[in-house]
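**Student:** Predicted model, plus sequence, below.
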Amino acid sequence: MSESLAVGHTPAGPVHATQAGTAATQAGTAGAQAGTAPTALDPRRALQLALAGLWLLDGVLQYQPSMFTKAFPQMLGDSAHGNPAAVAAPITWSAGFIGHHLAVSNALFATIQVALGLGIAWRLTVRLALAASVAWALAVWWLGEGLGGVLAGGASPVDGAPGAVILYAVLAILLWPKDRDAQAPFVAARAVGRGPARVTWLAVWGSLAVLAILPATRENLGSAIGDMAPGQPGWLAWTDTHLGALLSQHALPAKIVLAAALTIVAAAVFLPAPWTRTALVLALTLTVALGLAQGLGGLFTGTATDPNSAPLLALLALSYWPLRVRTRA
């Protein structure tokens, strides 16, 4: 009997079973905690939310009291100056129509932009809102910005050329929630593919480099920055005034440096990853400089309709930042 007890009814047996049960319970608890842990926000979704925030900001700015005065349609009509007749005529007609229905038109514009921002922020409507934002951006680029002044001969990156609103359309396409290339090395290539994404980058930053070397940029570089000072907070007015005066005295060297930096940035996505990161840091640095030169889009003046091109260019640069691609087993 003692032998039977030693072999078949060892006291350690229940202890082992209890330890195994405890370990299983702990493992199950750990698994449950891991299952309920918050997952990291997808980089593309984070960029979509940033784009939604910019649309919401535009809508809020459009509700400002100054937008309900005759100054708003007059500003729209001014974008027709210097453009070919085929481009200018619809702008002039649109400005006149808005002037005769100012309150309703402006309230509608503001509401549309707020709706676009909310639609992009809500997952169920993100596709519809992104598609609508492309159509809206193209219409505003023509009728509100005069195609960014590109055909008028006075466009400059410092002024926001080739137009802030066209960048909304570019970003909407690049951040479309569909994976054509799920293993793309940067977010902007996931929806459209690596080749088209790189061509888009080259087109945006290459056009900025071309505009930077045009005579209009040299002639208007300092004055365009200095003109942003009125109505700004003291620190920003001081920055724009002194920066404008400095660049007016050294317009040619500044123009060359700006064009060279933009050219390097345009080539960024064709470089090896370490060099790409360096060029993208340069791009982000340029967006900060452009933001200051643009007076932060005049956000503090009460007459701004958008934050201008600098935040959108920064968002574009982030969408091309190299990612660590994880292959699926």
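**Tutor:** All right, it came through fine.
**Student:** switch to C-alpha atoms for all contacts and neighbour counts from now on
**Tutor:** OK.
**Student:** quick one: average confidence on stretch 182-196?
**Tutor:** Taken as a whole, stretch 182-196 has a mean pLDDT of 93.
**Student:** Likewise for stretch 142-150?
**Tutor:** Across stretch 142-150, the average pLDDT comes to 91.
**Student:** what about the stretch 201-329 of the chain, any weak spots by pLDDT?
**Tutor:** Confidence mapping of the stretch 201-329 of the chain against pLDDT under 70 gives the ranges 216-223, 325-329.
**Student:** What strand or helix carries I264?
**Tutor:** Per DSSP states H and E: I264 is located in helix 251-266.
**Student:** Buried residues, the following helix or strand past that helix. List them.
**Tutor:** Using DSSP H and E, the helix or strand that directly follows helix 251-266 along the chain is helix 273-293. Judged by neighbour count (16 or more other Cα atoms under 10 Å), helix 273-293 contains these buried residues: 276-277, 279-284, 286-288, 290-293.
**Student:** between helix 273-293 and helix 251-266, how many degrees?
**Tutor:** Orientation of helix 273-293 against helix 251-266 (axes from the mean of the first three to the mean of the last three Cα atoms, to 10 degrees) gives an angle of 140 degrees.
**Student:** just checking, what packs against helix 273-293?
**Tutor:** Taking 3 or more Cα pairs under 8 Å, 6 or more residues apart in numbering; DSSP states H and E as the contact definition, the neighbouring helices and strands of helix 273-293 are helix 234-249, helix 251-266, helix 309-318.
**Student:** S94: which of those is closest?
**Tutor:** Nearest to S94 among the helices and strands packed on helix 273-293 is helix 309-318; the distance by Cα to Cα comes to 23.3 Å.
**Student:** so how far is that closest one from its chain's centroid?
**Tutor:** Here helix 309-318 is found 4 Å from its chain centre; the criterion is Cα atoms, centre = their mean, to the nearest Å.
**Student:** Kindly report the same for stretch 228-245.
**Tutor:** Relative to the centre of its chain, stretch 228-245 is centred 25 Å away, using Cα atoms, centre = their mean.
**Student:** Could you check that stretch and say which residues are buried?
**Tutor:** Residues of stretch 228-245 classed as buried: 228-230, 232, 236-237, 239-245 (neighbour count, 16+ other Cα under 10 Å).
**Student:** Can I get it in PDB? Just the C-alpha atoms.
**Tutor:** What follows is the C-alpha trace of stretch 228-245 in PDB, where atoms were taken according to Å, rounded to 0.1, in the frame of the first residue of the first chain:
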ATOM      1  CA  MET A 228       2.200  90.200 -44.400                       C
ATOM      2  CA  ALA A 229       3.100  92.300 -41.300                       C
ATOM      3  CA  PRO A 230       0.000  94.500 -40.900                       C
ATOM      4  CA  GLY A 231      -2.600  93.100 -38.500                       C
ATOM      5  CA  GLN A 232      -0.200  90.400 -37.200                       C
ATOM      6  CA  PRO A 233       0.900  89.800 -33.600                       C
ATOM      7  CA  GLY A 234       3.900  91.900 -32.600                       C
ATOM      8  CA  TRP A 235       6.500  89.100 -32.800                       C
ATOM      9  CA  LEU A 236       5.200  87.900 -36.200                       C
ATOM     10  CA  ALA A 237       5.000  91.400 -37.600                       C
ATOM     11  CA  TRP A 238       8.500  92.100 -36.500                       C
ATOM     12  CA  THR A 239       9.700  88.900 -38.100                       C
ATOM     13  CA  ASP A 240       8.000  89.600 -41.400                       C
ATOM     14  CA  THR A 241       9.100  93.200 -41.500                       C
ATOM     15  CA  HIS A 242      12.800  92.500 -40.800                       C
ATOM     16  CA  LEU A 243      12.900  89.400 -43.000                       C
ATOM     17  CA  GLY A 244      11.300  91.300 -45.900                       C
ATOM     18  CA  ALA A 245      13.800  94.100 -45.500                       C
END
